[in-house]
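Engineer: Any chance you could fold what I've pasted below:
(chains A and B)
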Amino acid sequence: MTQDSSILNAFFEECEDLIVALTEGLEAMREGHADDETVNAVFRAVHSIKGAAGAFALDELVGFAHKFETVLDEVRSHRLETDDGLLRTLQRAGDILADLVDDARAQTPANRNAVDPVLAELQALLGPETAQEEEEFVFEAMTLDFGPLDDAEGGYRVTFKPSAEFYATGNDPVLILKALSELGEVKTQLDTSALPDSFDAFDWSAGYLVWTVDIPGLGTDLAIRDVFQFMDDLCDLKVEPLTEESVPELLEPDPVPVTAQPVAPVDEPQEQAAVPAPKPADRTVKKPATTLRVDPERVDRLINAVGELIINQSVISQRLQEADLPNSSDLFSDLDDYKLLAREIQEGVMAIRAQPVKPLFQRMLRIAREAADATDKDVELVTEGESTEVDKTVVERLADPLTHMIRNAIDHGIETPDQRQAAGKPRQGTLRLSASQRSGSIVIEIADNGAGLNRPRIRDIAVERGLIPSDAVLSDPEIDQLLFAPGFSTAKEVTNLSGRGVGMDVVKTAITALGGRVAIATIPGEGTTFSITLPLTLAVMDGMIITVCGQTMVVPISSILETIRPTESDLSMLGLKSQLLHIRGDYVPIIDLGERLGHPASDKPMADRVLLLLQTESVSQCALAVDDIFDQRQVVVKSMQGSYGEIVGVSGATILGDGKIALIIDPDAIAHSGAMPQHIHTSPQGDRIHATA
Amino acid sequence: MQQPDDAAQTKELEFVTLVAGGQNFCIEITQIREIRRWSPVTILPHSPDYVLGVINLRGAVIPIIDLAAKLGFPRIDPTERHVIIIAAIEDCTIGLLVESVSEILGVKSDMVRETPKGTDDATTRAILGIIAMGDDMTKVINLATLLPNNDPVAA
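Structural biologist: Coordinates of the predicted model:
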């Protein structure tokens, strides 16, 4: 069972790659590179998915892939014209195929409403159903190149000369010979004549040996083909029917026992092939064997270990400083080396998790296509910096926000072709999705050349929804930020794109959860650019090290707007306990972090403390009162979920240079717990205090 | 057929005996990872009184539980002489603050008797069974009941 599912998983992983190749190929075709090679690559991808899906009896997938493949075959042989209509159908078919793979993986039934129209489109391209279809289907599975073979009663002679690559990829001729010997009685002969006479001339990587195996009495060559499946370009192979003359000739030399075959030259290259060899199954898929599939858990374990190494290094360096050794001590230079090495290992390990954003961007091409179709707009999505690498988790969690932003840009940002023409712009709108790396963070931009934000309208809507008072004086950036306010929507009516109950606030929440920020730049009439700035990895975070009630804690920099040392005049009381901070004409609530975390209220007057002005989702702004600020540095984030469970207001922990644990504050939860006091400090069983949210 | 079954039922078990709240308890040795001296912890906000906090164990964040308090005894006032037993339950690792650890006890598994019925308090709920030890007896702790997040409301 586990074996099965691991094979199935491998299949789905292959499929992911194949779908990427397919999308890439279709995209290239759409851009006008419909050359034979591209079409072939697309065909191969669909064909491989079909072949493998057939082995797992994924009938829906096989059926669709088969139709798709047949159309592609027509395109390949130039019987179908590659016009816009065809390309659109092919792209749709590619989308559906990806959906079907996802469905098969999730074991959910396919969405017939989506599949059937595309299936019908494909069928329409093919014309009336052809009778040869079934026959062709069977034939397609045989991709091995053996030349004409006749069925013979008298058995077969197999001449088998493994190439150097055969050995280099870890194959063993003994296994092949064994498999042949299982087919019936075999007569094996080894031709060693190609071996060099002198040992010095021996090339370890060359294949010198030729075996001739006679299998008399074998009725068909199909079994032999099975043995050599996936080997067609790893060896010179001849399978021919045995003739009368060839039989006695072979009986002459000593029939060498099959198992005694491996002579030194065979064994040796094999040992050299300790490098993981591509699995035979991989051979059916044309892809460079340069990637390595690793269980993410193993990488996580490695990342954890390296995190500990870094912490251990800083502990040691702190200890050494305390030891008061002379500066000239060799220890210090050794320690520097250690530090460098540790950093290098950390970077290397982090890079393992890094993944190019390309697959993500390609998914967006499809989203953009669908959104443009749904809104009757002509939009081209241009992607840039696809090879930029981001942590895998970040890539995964970016999919939803990006989808929403792209839909939003097409739905609201880009005008209809007529409006564009009236404004003197090309009818086709352009959406640019780009990724780049800038000093320790990743910047992803979504830029449209649409109408730009309509600030007066945004302001009106915000007033209408009660988000801002009607007399509020807002700067342009502040108005732009209103887009991210919960409950905000510029859509006049609910379209089938927006109005799904998710607004840009969800985008912002998702980005902030990744430790990132979103910024908006807009020029009326020329377009809007959303920039997402993300940390390179989730395992490390920029944090402000603070103390409160004698405990050291970390507040994520990403949510801190500024730090303030308040003067008496900045503070005003609100009732008995609550205090407000007066900043730039605004009043912001002050939250005492220590108190919020259940420590006794500090007796330090507020004016002696430090305030961190926070930007959070639940409360637009609040000031967090802490005792002191120490430092600003990168910390390794450790989850508490596994070891303890969730704690309200704490998102994780980190280990400081001295080996002590510091809790990482979740500013959102802290601010939220303040906004809804009835939800905290209530506990059903009395001994445990936690929020019910 | 009876023979191998019997052998399986009476396999040798080893327990580490300890003292918490002045009473004898024991934990199966296969669940114990290491035994450490008490070291200061980082306090967790909004935690129940038997959760002392978390410590850094070679880079992992491990919650520490006052075993006596969890079992309903008065809280232990930890000093350098107190011991933390690092135990692994399922996928979780936790530390248990106890007064002392005394010996390793080897018993046949059929010597672990059921806890006498009739009482139901914090201690008996956390007990798997009892083992007679000469004149005295020791109680086998069910570690799963000690997990801090092992209460259905915390989600």
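
Engineer: got any ranges where the stretch 301-450 of chain A has weak pLDDT?
Structural biologist: A:439-440 (pLDDT under 70).

Engineer: one more time with 80
Structural biologist: For the stretch 301-450 of chain A, applying pLDDT under 80 flags the ranges A:304, A:307-308, A:310-315, A:317-319, A:321-322, A:324-329, A:346, A:350, A:353, A:438-441.

Engineer: excluding its backbone neighbours, what's nearest the residue of it found nearest chain B?
Structural biologist: Residue nearest to chain B within the stretch 301-450 of chain A: A:E308 (3.0 Å; Cβ to the nearest Cβ). C-betas here are computed from N, CA, C, even on glycine. Ranked by Cβ to Cβ, 6 or more residues apart in numbering or on different chains and with sequence neighbours excluded, the top spatial neighbour of A:E308 is B:G59, at 3.0 Å.

Engineer: tally of neighbours for that neighbour?
Structural biologist: Neighbourhood size, B:G59 [other Cβ atoms under 10 Å in any protein chain shown]: 18.

Engineer: ok, now which ones touch it?
Structural biologist: A:304-305, A:307-308, A:311-312, A:638, A:655 (Cβ atoms under 8 Å, 6 or more residues apart in numbering or on different chains).

Engineer: In strands only, show me the residues you listed.
Structural biologist: Those of these mapping onto strands are A:I655, per DSSP state E.

Engineer: So which of the contacts of B:G59 belong to helices?
Structural biologist: A:304-305, A:307-308, A:311-312 (DSSP state H).

Engineer: which residues in the stretch 151-300 of chain A form strands?
Structural biologist: Ranges of strands in the stretch 151-300 of chain A, per DSSP state E, counting those that start in this stretch, are A:156-162, A:187-191, A:210-215, A:235-241.

Engineer: would you turn the ones you listed into JSON lines with mean pLDDT, distance to A:L398 and mean neighbour count?
Structural biologist: Below are the strands of the stretch 151-300 of chain A laid out as JSON lines (pLDDT from 0 to 100; distance: least, Cβ to Cβ, whole Å; neighbours: other Cβ atoms under 10 Å in any protein chain shown):
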{"stretch": "strand A:156-162", "mean pLDDT": "80", "distance to A:L398": "47", "mean neighbour count": "22"}
{"stretch": "strand A:187-191", "mean pLDDT": "80", "distance to A:L398": "58", "mean neighbour count": "18"}
{"stretch": "strand A:210-215", "mean pLDDT": "81", "distance to A:L398": "54", "mean neighbour count": "21"}
{"stretch": "strand A:235-241", "mean pLDDT": "77", "distance to A:L398": "46", "mean neighbour count": "17"}
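
Engineer: right, so of those strands, which gets closest to B:W38?
Structural biologist: Evaluated with Cβ to Cβ, the strands of the stretch 151-300 of chain A place strand A:156-162 nearest to B:W38, the distance being 65.4 Å.

Engineer: Send over that closest one as CSV, restricted to the C-alpha atoms.
Structural biologist: Extracted as CSV, the C-alpha positions of strand A:156-162 are listed here (Å, rounded to 0.1, in the frame of the first residue of the first chain):
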residue,chain,number,x,y,z
TYR,A,156,15.2,-15.6,-30.5
ARG,A,157,18.8,-14.4,-30.5
VAL,A,158,19.5,-11.3,-28.4
THR,A,159,22.7,-9.5,-29.1
PHE,A,160,23.2,-7.1,-26.3
LYS,A,161,26.0,-4.6,-26.0
PRO,A,162,25.6,-2.2,-23.1
